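[1] need a 3D model of the sequence below.
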Amino acid sequence: MKKIIQVMKYFFYISISLFVFNFSLAQDVNIEENISLSFVCELEKKIVKNAEYNYQTFLAKDLEDKDLDKFEINAKQPKTLLINGLSSFLSKKEKLTVRIVNKDVVLFKAIDEEKNYSESGIINRKSGELIHEITRDMKSENSEKDISFYSCKKNEKKV
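    Predicted coordinates:
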């Protein structure tokens, strides 16, 4: 029963993120507030879709992937959103394709110039749940996906 609840929970988060991403296509930039947040995130699980695995779920303990020691989000109205510490691809992107920031969520997406690789993510600012999706070979019928789920806590700055 507990496993079913977990699967339903992740299905819910993926559904919500897809809904928000579809909504955001009509509204690619919506920065409602200025924020500067730093998180420490623990990897919980990853779903992999490639030639070997068809949406196979792996727990963090079974992966070599690491937790995020310093995941930072900086937003400034009306259009600036910077993401650091999640991946080198996102950290180098000054212009994200999708930038949504409100009191509940931060949503972002970046696509490479060849439109063959993308990364996106959504973080619930209240619960700290982060979903990070990487898509490779987007132009191919055999595109690959990694969907990582993190549990994040705000990194409080001590004065």
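
[2] state the mean pLDDT of the top strand by length along the chain.
    Looking across the chain with DSSP state E, the single longest strand is strand 35-49. Averaged over strand 35-49, pLDDT sits at 96.

[3] tell me what that strand is packed against?
    Helices and strands touching strand 35-49, by 3 or more CB pairs under 8 Å, 6 or more residues apart in numbering; DSSP states H and E, are strand 56-59, strand 68-76, strand 144-154. Any C-beta I mention is one placed from the backbone N, CA and C, and that applies to glycine too.

[4] dump the residue contacts of the closest residue to R136 other than its chain neighbours.
    Leaving aside its sequence neighbours, R136 sits nearest to E144 (CB to CB, 6 or more residues apart in numbering; 4.4 Å). Shown in contact with E144 (CB atoms under 8 Å, 6 or more residues apart in numbering): K49, N50, A51, T135, R136, D137.

[5] compare those residues and tell me which has the most neighbours.
    Ranked by the number of neighbours (other CB atoms under 10 Å), these place T135 first, at 18 neighbours.

[6] what residues are up against A60?
    Going by CB under 8 Å, 6+ apart, A60 touches E42, L43, E44, K45, K46, D67.

[7] how deep is the fourth one tucked in, by neighbour count?
    By that I understand K45. Neighbours of K45 under the rule other CB under 10 Å: 17.

[8] and what of the last one?
    For D67, the count of nearby residues is 14 (other CB under 10 Å).

[9] same question for the second one.
    The burial count assigned to L43 is 20, neighbours taken as other CB under 10 Å.
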